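Visitor: quick one: sequence plus predicted model below, questions after.
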Protein chains: 2
Amino acid sequence: MPRRKQQPSEPHAMHPQLAADSHPVAALALCDLQLMDDDNYPWLVLVPRVAGARELTDLDPAQRATLMEEIARCEQLLLDVVQPHKLNVAALGNLVPQLHVHVIARFEHDPAWPAPVWGRVAARPYAPEALVARVRELQAALLQD
Amino acid sequence: MPRRKQQPSEPHAMHPQLAADSHPVAALALCDLQLMDDDNYPWLVLVPRVAGARELTDLDPAQRATLMEEIARCEQLLLDVVQPHKLNVAALGNLVPQLHVHVIARFEHDPAWPAPVWGRVAARPYAPEALVARVRELQAALLQD
């Protein structure tokens, strides 16, 4: 029996914690694409602009299909730009319940490998020049695909 | 530029580690649906029957769309059967690179909350009767949706 969908009274706005922890890269068809401000890992986050969504079941099937293709686009972007050893994709939301999907490039030399990244080492914010360079590099690669 | 797909010479077979850590529940259209043998959390795993797949980009768009709907079906199954506080969905694969997707029911009283489940507490295998009961409960609920 499908759970009743939440009926949000407010329009979508990015959760303040997500907005504080990340930087805008692009607005895709469904999601805002953000770069996490953690230079330990090339780490993208997709935030569907769907008010009140917590779980994938809070999206309709067409939105889920679009989300999946935007996840795959983020994977390809990271494969092209940073050539990781592995990609990690996750929708957790235990602390920030607004639906968001992590797409993280993992390397055998990164500080959490082979564990998942959460709760391992403190975030290492980008130096300003490195942040600008990384965002521009991602935006340029997005335009090419 | 899309990465060239792997051309596996062998047919799909579930990775031995996944097979050892979980029990079969059902064969969906794309994925084998397994129950992880860890009574700490109601924990499903979807394993696409696609030889050589490591990342979502190794599936074609139709396979990805099917995978997304099978993930949503697992979410709904857990929402219906165990009423969790939150769902966690993840494709990691740092240790077992064969593509597989975790769909985990999380509770505020579970032993890892609010952290992700990996690397927190040792798996607690089901007692035989509890395992059989849980698998049957999931299979019955799958038939009803």
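Guide: Cool, got the structure.

Visitor: name the residues of chain A found near chain B, please.
Guide: Contacts of chain A with chain B, taken as C-beta under 8 Å from any C-beta of the partner chain, map to A:1-3, A:54-57, A:61, A:64-65, A:67-69, A:71-72, A:75-76, A:79-80, A:86-95, A:97, A:106, A:113-116, A:118-119, A:145. In this view, the C-beta of every residue, glycine as well, is placed from N, C-alpha and C.

Visitor: selecting buried members of the residues you listed in PyMOL, what would you type?
Guide: With 16 or more other C-beta atoms under 10 Å in any protein chain shown as the criterion, this PyMOL line picks the buried residues out of the residues of chain A next to chain B:
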select buried, chain A and resi 55+56+57+64+65+67+68+69+71+72+75+76+79+80+86+87+88+89+90+91+92+93+94+106+113+115+116+118
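
Visitor: among the residues of chain A next to chain B, which ones are in strands?
Guide: Of the residues of chain A next to chain B, the ones assigned to strands by DSSP state E are A:86-91, A:106.

Visitor: is the residue most central in space within chain A in a bridge, and if so with what?
Guide: With distances taken as C-alpha atoms, centre = their mean, the residue of chain A nearest its centroid is A:Val45 (1.0 Å). Note on A:Val45: beta-bridge partners by DSSP bridges are A:Gln34, A:His102.

Visitor: am I right that it is in contact with A:Ser22?
Guide: Yes - A:Val45 is in contact with A:Ser22 according to C-beta atoms under 8 Å; the separation is 5.6 Å.

Visitor: pull up the distance across stretch A:85-100, start to finish.
Guide: End-to-end distance of stretch A:85-100 (C-alpha to C-alpha, to the nearest Å): 23 Å.

Visitor: flag the shaky bits of chain A, pLDDT-wise.
Guide: Along chain A, the model assigns pLDDT under 70 to residues A:1-8.

Visitor: can you give me the helices for it?
Guide: A:16-21, A:61-82, A:128-144 (DSSP state H).

Visitor: show me what counts as buried in the shortest one.
Guide: Right, helix A:16-21. Going by neighbour count (16+ other C-beta under 10 Å), the buried part of helix A:16-21 is A:18, A:21.

Visitor: pull the residues that contact that helix.
Guide: Contact with helix A:16-21 is made by A:34, A:36-38, A:45, A:47, A:95-96, A:98, A:100, A:123, as judged by C-beta atoms under 8 Å, 6 or more residues apart in numbering or on different chains.

Visitor: contacting residues for the residue nearest to the centre of chain A?
Guide: A:Val45 makes contacts with A:18, A:22, A:33-36, A:100-103, as judged by C-beta under 8 Å, 6+ apart.

Visitor: compare these and tell me which is most surrounded.
Guide: A:Val103 (25 neighbours; other C-beta atoms under 10 Å in any protein chain shown).
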